[in-house]
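A.B. asks: just a sequence and a predicted model for now, questions to come.
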Amino acid sequence: MLGDKENIIVVKKVNKHKGHHGGAWKVAYADFVTAMMALFIVLWVLGQSEEVIKNVAGYFKDPIAFSDKMKGISIIEGGVFELPSDKAKEIIDKVKQREQEIERLNAMKDSIVSNLSSNSDFAYLMDQIKIEIANEGLRIEMIESNDAVFFEIGTSELREDAKKLLYELSKNLKAIPNKLIIEGHTDARPYPNDGRGYTNFELSVDRANSARRVIVASGLDPVRIDEIRGYADTRLLDKKDPFNLVNRRISIIIKFATEAPQ
């Protein structure tokens, strides 16, 4: 105290944060950025000359040996580097073959879409035909809806409009020699048994075989059929509604004729 006056003490409280919380998003973001970087690298490599592709392949095959032999030589400028094997050339050849085959299958996709769209018998079904390049090749899916179903309920009996559609698709399938896979898919409506009787697995296989018989009857060589698959309801298109009719479908896959680059 100073004289009769009291000393006033001011206490300041400082809030110290104990670190950030909820940082899980950073890990997910880092994974996303890494994946995008990898994608851009692949796209960049595919657009380079064969010499550059060979050098990049050499680096990833043996980074240490590559670095020692490539000192002072730029990969991008096309420096010469001899790989210890023909593996790089094999990979490059497979990549080129796969690119050419994807172009051919995409051209077939455009042809199928054009033919079906211009035909009044099938134009109304275009929303139920899905065609895309998948891991195994060109996938053509006939998807059921409230407007049109391809099978009688609970059976493998094809309706007439579905048979006509398969005949039309067969015209394109016969144009190339690639092997085919036919898949059957169902919704999740179960049969009234404990799973030891007839189930959606048998139904999906039977439906795939019904499609196979129509395709073969159209003139397709039976040896072209490589596999028949029945997935039941294990590959749902609409996972939120397992009973949705869109889950009932037939898939025809035109397999890649060339091996995937390893």
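C.D. replies: Right, received. Where do you want to start?
A.B. asks: residue ranges in this structure under the pLDDT threshold?
C.D. replies: 1-23, 58-59, 61-85, 262 (pLDDT under 70).
A.B. asks: the same query, at a cut-off of 80, please.
C.D. replies: 1-31, 41-42, 44-89, 260-262 (pLDDT under 80).
A.B. asks: so Ala38, which state does it fall into?
C.D. replies: helix (DSSP: H, G, I helix; E, B strand; the rest coil).
A.B. asks: I figured Glu157 was touching Phe151, is that so?
C.D. replies: Yes - between Glu157 and Phe151 there is a contact under C-beta atoms under 8 Å: 6.3 Å. To be clear about C-beta, it is placed using only N, CA and C from the backbone, and glycine gets the same treatment.
A.B. asks: now do the contacts for the residue lying closest to Asn146 once chain neighbours are set aside.
C.D. replies: Leaving aside its sequence neighbours, Asn146 sits nearest to Leu245 (C-beta to C-beta, 6 or more residues apart in numbering; 6.2 Å). Residues near Leu245 by C-beta atoms under 8 Å, 6 or more residues apart in numbering: 144-146, 149, 187.
A.B. asks: redo these as CSV? Include distance to Glu227, secondary structure and neighbour count.
C.D. replies: Putting these into CSV (distance: C-beta to C-beta, whole Å; DSSP: H, G, I helix; E, B strand; the rest coil; neighbours: other C-beta atoms under 10 Å) gives the following:
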residue, distance to Glu227, secondary structure, neighbour count
Glu144, 22, coil, 20
Ser145, 26, coil, 15
Asn146, 30, coil, 8
Val149, 25, coil, 15
Asp187, 22, coil, 21
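A.B. asks: okay, those residues in a markdown table with distance to Tyr198 next?
C.D. replies: Shown next, in a markdown table, are the contacts of Leu245 (distance: C-beta to C-beta, whole Å):
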| residue | distance to Tyr198 |
| --- | --- |
| Glu144 | 20 |
| Ser145 | 25 |
| Asn146 | 26 |
| Val149 | 20 |
| Asp187 | 16 |
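A.B. asks: ok, so of these, who is nearest Ala134?
C.D. replies: Set against Ala134, the nearest of the contacts of Leu245 by C-beta to C-beta is Glu144 (19.7 Å).
A.B. asks: contacts only, for Ser117.
C.D. replies: Ser117 neighbours (C-beta under 8 Å, 6+ apart): 123, 126.
A.B. asks: what does the one 4 residues further on give?
C.D. replies: Contacts here follow C-beta under 8 Å, 6+ apart; on that basis Asp121 touches 161, 164.
A.B. asks: what's the answer for Val205, then?
C.D. replies: 184, 228-230.
A.B. asks: can we see that at 7 Å?
C.D. replies: For Val205, the contact set (C-beta atoms under 7 Å, 6 or more residues apart in numbering) comprises 184, 228, 230.
A.B. asks: most neighbours among these, which one is it?
C.D. replies: The most crowded member of the contacts of Val205, judged by other C-beta atoms under 10 Å, is Gly184 (28 neighbours).
A.B. asks: look up phi and psi at that one.
C.D. replies: For Gly184, the backbone dihedrals (degrees, to the nearest 10) come out as phi -120, psi 140.
A.B. asks: bridging residues for it?
C.D. replies: On the basis of DSSP bridges, Gly184 is bridged to Gly230, Ile250.
A.B. asks: surely it and Ser204 touch.
C.D. replies: Yes - between Gly184 and Ser204 there is a contact at 3.5 Å, judged by C-beta atoms under 7 Å.
A.B. asks: helix, strand, or coil at Arg139?
C.D. replies: Judged by three-state DSSP, the three-state class of Arg139 is strand.
A.B. asks: surely Phe251 touches Gly137?
C.D. replies: No, residue 251 isn't Phe; it's Ser. No - taking contacts as C-beta under 7 Å, Ser251 lies outside contact range of Gly137: 11.0 Å.
A.B. asks: buried stuff in the longest helix along the chain?
C.D. replies: When the chain is scanned for its longest helix (criterion: DSSP state H), the result is helix 87-118. Within helix 87-118, the residues that count as buried by 16 or more other C-beta atoms under 10 Å are 88, 91, 95, 98, 101, 105, 108-109, 112, 116.
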